[in-house]
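Undergrad: Make a model of this:
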Amino acid sequence: RGRNKTYQPAAREKRLDRARHMEYKYEMKGLLQEISVAEEHRSSIIGSVWAKGERQTADEAKAFVASKVSEGAIDDDQSSRLVSLIDSYTVRR
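TA: As a prediction, the model looks like this:
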């Protein structure tokens, strides 16, 4: 009776690597400090980039970083450093 069920896996997308979450947080905190991102934006960037990149796609996380540039929270140089960090934690899953 239970054999008729079909399993539909989620589409494989480029997302952040769940297994490296703690490593990501540590590295991201250090990077935000190193590139002098204002204190009030740091936790929002750490959390939102992870949430979008892990649950949606890495491109959504990059779009969030771009939105922070347009808000004036970070500049283009800081943005490119954050995007390269996102790329280093991206896997297909």
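Undergrad: So, low pLDDT: which residues of the protein?
TA: 1-3 (pLDDT under 70).
Undergrad: Show me the helices in it, by range?
TA: Counting by DSSP state H, residue ranges of the helices within the chain are 21-34, 39-55, 58-71, 76-88.
Undergrad: contact partners of the first one?
TA: Outside of helix 21-34, the residues within contact range by Cβ atoms under 8 Å, 6 or more residues apart in numbering are 16-17, 42, 45-46, 49-50, 54, 81-82, 85, 89. No exception for glycine: its C-beta is placed from N, CA and C like everyone else's.
Undergrad: out of the helices of the chain, nearest to Gln8?
TA: Closest to Gln8 of those is helix 39-55 (Cβ to Cβ; 17.9 Å).
Undergrad: so the closest one versus helix 21-34, what angle?
TA: 150 degrees (axes from the mean of the first three to the mean of the last three Cα atoms, to 10 degrees).
Undergrad: returning to what we had before: any chance of the helices of the chain in TSV, plus mean neighbour count and distance to Arg12?
TA: Converted to TSV, the helices of the chain look like this (neighbours: other Cβ atoms under 10 Å; distance: least, Cβ to Cβ, whole Å):
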stretch	mean neighbour count	distance to Arg12
helix 21-34	14	20
helix 39-55	16	14
helix 58-71	17	12
helix 76-88	16	17
